[in-house]
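can you look at this prediction? I've put the sequence above it.
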Amino acid sequence: MKVYFGASISLNRELLPLYREITKSLIRLGHTITSEHVVDPDLTKGDWQKQYIPKELFKRETDRLEKSDVMVAEVTNPSWGTAFLIEHALASGKPVLALFYKDAEMPLPMMIEGHPELYVAHYSRGNIRTVLKKNLEYFGQMNHKKGKLVVIDGTDGSGKGTQTELLLNYLKKTGKANKYIDFPRYYTSFHGKMVGRYLKGEFGGLNSASPYLTSLFYALDRLTARDEIIDWLEEGNIVVANRYTTSSMAFQTARIDIDKREEFLKWLYEMEYKEHKLPKEDMVIFLYVPVEISQKLLDQKNARSYMKGKEKDINEANVAYQKEVLKLYLELSKKFKHWEVIKCVDSKGKLLSVEAVHAKVVSLMKRRGIV
C-alpha cells in the first residue's frame, strides 16, 4: 500500500531515530512511503521555513495524502500540521494509525485517545514492525472490501430471525451474493457456548457479574468469526448478521449506571472495532417492537436446547430490563448515522405483518444503495 507518514517537524526532531525506524519497517513490509521527506535529517537545518510557500506546501502534502491508501501518524510529539493531516485523511475516507511511543514522558493526548475513528497503538523500539503489520494488514483488507455488512438487530422477540430469513431469500432471488451469520453462536463457538451458559443463569442473575466481564463472552465469539466475515466481504458478498456488536452496545450498556454508560460504550467500541478489528457494519436495521408485544412473541418461541428446558433466558425474563434495552437502542439509532429504525407496529400499536416489515427492510437497503 501507499502510506503517508506524518510526524512532528517544526517543534523538535528528537524522535527522528524512531521516525526512521518506522519508515524502514514500513518499507520492509512491502509498503511505499509517499512522504519520505519527513525523516530527512537535513529537512529542518538552517532557516528552512523560508524555502516554503504556505499554499504550495499545503497543496503538496494534501495531494500526497490523497494519493495514499492509508496514513500512519507518529503523535508522541504534538504537531498542528500532523493533526490537520489526520483529519484530512479521515475526511477523505482513509484509515489512520496513530502511533504513541510507550516510553514517552507525557501521557497520550486525550483528543487522540478519545477520537472515535482513529486507530491508536502504543509502540516500542522492539515491536514497531509487529504493530504496523497487524494494523496495516487490517487496513488493506478493508480497502479491498467489495461487499457490505448489514446487521438486523432488536430486542428479544422483535422478529430478527424471521426478517433475516426473508432478506436472505430476497437476496438469493435477486442474484445478490450473500452470506449469513447469527450471533451468539451458541452451538458452534467456544465463547458462544459460554454466552449460552450465562443466559441460562449458570453464573447468576443480571447483577451477578460485571458487564465488562460478560461482554467478553460476546466479543470473543465475534472475534473468532472475524476472519470469516472479512473473507466474505472481500469476495463481494452482502453479509447479513443477526445481531452484532450493536447488541452488546444496548444489552450490556443497559446494565451500567447511567452516569457511567458513555465510558462503557467507549470501552466496548474500542475493544471490538479497534483492538479486535471487527469490520464495521455498513448498515444497522433496528426492528422496533414495544416490549409488551415482544414478550408475547417470546412466549410463542420454540424451545432452544442451550436453555436446558427453561422457557426464557435471564435477559428475556426481565421486562424492566428489556424496556431499558429498548430505550438504549433508540438512543444509539440517533447517535449513529448508519442505523435505521423500522417500526414494526402501526399507529394503533398493532403488529405489522412480516411481509410489510420485510418491504421496509428492502426499501431502506435500496435507499442506501446496498441492494
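Yes, it's here. As the structure is a computational prediction, the values presented were derived from the model and not from experiment.

contacting residues around whichever strand or helix holds Val284?
According to DSSP states H and E, Val284 maps onto strand 283-288. By C-beta atoms under 8 Å, 6 or more residues apart in numbering, the list of residues contacting strand 283-288 from outside reads 148-154, 158-160, 163, 244, 246, 326, 329-330, 332-333, 336, 338-345, 357, 361, 364-365, 368, 370. To be clear about C-beta, it is placed using only N, CA and C from the backbone, and glycine gets the same treatment.

pull out the buried members of these.
The neighbour-count test (16 or more other C-beta atoms under 10 Å) marks 148-154, 158-160, 163, 244, 246, 326, 329, 332-333, 339-342, 344, 357, 361, 364-365, 370 as buried among the contacts of strand 283-288.

give me the contacts around the one helix or strand in the chain whose mean pLDDT sits lowest.
Among the helical and strand segments of the chain, the one scoring lowest on mean pLDDT, DSSP states H and E is helix 291-299, with a mean of 80. With contact meaning C-beta under 8 Å, 6+ apart, helix 291-299 is reached by 155-159, 289, 311-312, 316, 319, 322-323, 326, 345, 349, 351.

could you point out which element follows that helix?
Helix 291-299 is succeeded, C-terminally, by helix 319-335 (DSSP H and E).

ok and that next one relative to strand 283-288, angle-wise?
Going by axes from the mean of the first three to the mean of the last three C-alpha atoms, to 10 degrees, helix 319-335 is angled at 140 degrees with respect to strand 283-288.

now do helix 319-335 against helix 291-299, angle only.
Inter-element angle recorded for helix 319-335 and helix 291-299: 110 degrees (by the same axes, to 10 degrees).

so what secondary structure elements neighbour helix 319-335?
Contacts defined by 3 or more C-beta pairs under 8 Å, 6 or more residues apart in numbering; DSSP states H and E place helix 319-335 against helix 245-251, strand 283-288, helix 291-299, strand 339-343.

among those, which is the most enclosed?
Of the helices and strands packed on helix 319-335, the one with the most neighbours on average (mean count of other C-beta atoms under 10 Å) is helix 245-251, at a mean of 24.

which SSE is immediately downstream of that helix?
Next in sequence after helix 245-251, counting helices and strands by DSSP H and E, comes helix 261-269.
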